[in-house]
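Peer 1: I would like the atomic coordinates for the input below:
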Amino acid sequence: MRQERSRPLMVELEAWLREQRAKLSRNNDTTKAINYCLSRWDAFSRFLHDGRLCMSNNAAERELRAVAIGRKNWTFAGSDEGGRRAAAIYSLMATAKLNDVDPRAWLADVLARLPDHSAKRIDELLPWNWQPQSVAHAA
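Peer 2: Numbers count the residues shown, from 1 in each chain. Predicted structure coming up:
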């Protein structure tokens, strides 16, 4: 479907961008934006060849929205180290979501298990390996 429906649109868009660029002066801001897009055309059009790639950046935009909303709250992290810890937690929560794991369930379970969990087996608690405690003990 990408080859059938999206490729013709991408070919048309690239031709249009090149045509518009030819009409503008080199220092025009629009020319700079067009050059930016065309210089990254392979990456921009990679979704045509790899079905695993999303055709939009909506997922990334949704994730960044949480960062933008929380930005004012982070000024109260207490210190640079507090900010780094908050960033680590946000990264882990986003990683849980990307691995189809409920971040709240994962975090609650991991925090409850940490005191008795061997440091040598900490990888078992990472979102991509995690099994809820009830399932882990039943196995």
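
Peer 1: low-scoring pLDDT stretches of this structure, where are they?
Peer 2: Within the chain, the ranges that satisfy pLDDT under 70 run 73-76, 134-139.

Peer 1: show me where it has its helices.
Peer 2: For the chain, the helices defined by DSSP state H occupy 7-23, 29-39, 41-44, 58-74, 80-98, 103-113, 133-138.

Peer 1: can you redo the ones you listed as TSV with distance to P127 and mean neighbour count?
Peer 2: Where C-beta positions appear, they are placed from N, C-alpha and C, glycine not excepted. TSV is the format used below for the helices of the chain (distance: least, Cβ to Cβ, whole Å; neighbours: other Cβ atoms under 10 Å):
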stretch	distance to P127	mean neighbour count
helix 7-23	34	12
helix 29-39	34	13
helix 41-44	27	11
helix 58-74	15	10
helix 80-98	4	13
helix 103-113	6	15
helix 133-138	14	10
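
Peer 1: so which of the ones you listed is nearest L125?
Peer 2: Closest to L125 of the helices of the chain is helix 103-113 (Cβ to Cβ; 4.9 Å).

Peer 1: quick one: list the elements packing against the closest one.
Peer 2: Secondary-structure packing of helix 103-113 (3 or more Cβ pairs under 8 Å, 6 or more residues apart in numbering; DSSP states H and E): helix 80-98, helix 133-138.

Peer 1: put the alpha carbons of that helix into PDB.
Peer 2: Provided in PDB are the C-alpha atoms of helix 103-113 (Å, rounded to 0.1, in the frame of the first residue of the first chain):
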ATOM      1  CA  PRO A 103       4.000   2.000  33.500                       C
ATOM      2  CA  ARG A 104       2.200   2.300  36.800                       C
ATOM      3  CA  ALA A 105       1.900  -1.500  37.300                       C
ATOM      4  CA  TRP A 106       5.500  -1.900  36.300                       C
ATOM      5  CA  LEU A 107       6.800   0.800  38.600                       C
ATOM      6  CA  ALA A 108       4.700  -0.300  41.600                       C
ATOM      7  CA  ASP A 109       5.800  -4.000  41.100                       C
ATOM      8  CA  VAL A 110       9.500  -3.100  40.700                       C
ATOM      9  CA  LEU A 111       9.600  -0.800  43.700                       C
ATOM     10  CA  ALA A 112       8.000  -3.500  45.800                       C
ATOM     11  CA  ARG A 113      10.500  -6.100  44.600                       C
END
